[in-house]
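*Asks:* Can you look at this prediction? I've put the sequence above it.
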Amino acid sequence: MTEIIDFIKNNLELIYILILVIFIGVEVIKHIPAVLHTPLMSGANALSGVVIVGAILVMLNADPDNYLALGLGFVAVVLGIINVVGGFAVTNRMLHMFKKKK
C-alpha cells in the first residue's frame, strides 16, 4: 500500500494531466455527430494496438517483484484487446451496411 501512495506522491502532476485529458476527451466526443462515431472507432483500433504493444513492453521490462507495474500492464493488455476486438466488430458491421443486398 505504501508503494501506491509513494507512486501517487511522485507522479501527482501526471495524474492531474490524466484527469484533464479524460475531461477533454469526453467533451470532444460529446460534440462529434453520431454519424462519425463508427469511423472514429475503427480508426482507434490502431491506437489500441499501440497500447497493447506498449503494455507488453512495460511488462517485459518490469521487475518481477513489481506487482503494480505487472498488474497495470495486464489490465492495459486486456482492455486494449477488448477495444481492438470491439472496434473490428463494429467496423465489420459498418462495412456490411454498405454492401449491396442480394
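*Replies:* Yep, it's here.

*Asks:* State the distance from residue 12 to residue 19.
*Replies:* 11 Å (C-beta to C-beta, to the nearest Å). Where you see a C-beta, it was placed from the backbone N, CA and C, and this is true even at glycine.

*Asks:* nope, residue 64 is what I meant
*Replies:* From residue 64 to residue 19 the distance is 31 Å (C-beta to C-beta).

*Asks:* Ok, residue 100 next?
*Replies:* Taking C-beta to C-beta, one finds residue 100 at 47 Å from residue 19.

*Asks:* packing partners for the longest helix seen in the chain?
*Replies:* Using DSSP state H, we find that the single longest helix of the chain is helix 67-97. Using 3 or more C-beta pairs under 8 Å, 6 or more residues apart in numbering; DSSP states H and E as the contact test, the elements touching helix 67-97 are helix 2-10, helix 37-61.

*Asks:* Near residue 28, how many other residues are there?
*Replies:* A count of nearby residues for residue 28, using other C-beta atoms under 10 Å, gives 9.

*Asks:* nope, residue 26 is what I was after
*Replies:* 9.

*Asks:* what about it, which helix or strand?
*Replies:* Residue 26 is located in helix 12-30, with elements delineated by DSSP states H and E.

*Asks:* Now do that helix against helix 2-10, angle only.
*Replies:* Calculated by axes from the mean of the first three to the mean of the last three C-alpha atoms, to 10 degrees, helix 12-30 forms an angle of 80 degrees with helix 2-10.

*Asks:* on that earlier part again, now the helices and strands packed on helix 67-97 in TSV, please, with extra columns for distance to residue 75, mean pLDDT and mean neighbour count.
*Replies:* Formatted as TSV, the helices and strands packed on helix 67-97 follow (distance: least, C-beta to C-beta, whole Å; pLDDT from 0 to 100; neighbours: other C-beta atoms under 10 Å):
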stretch	distance to residue 75	mean pLDDT	mean neighbour count
helix 2-10	14	88	10
helix 37-61	8	79	14
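
*Asks:* Run the chain-centre distance for the longest helix of the chain.
*Replies:* 7 Å (C-alpha atoms, centre = their mean, to the nearest Å).

*Asks:* now do stretch 58-75
*Replies:* For stretch 58-75, the distance to the chain centre is 17 Å (C-alpha atoms, centre = their mean).
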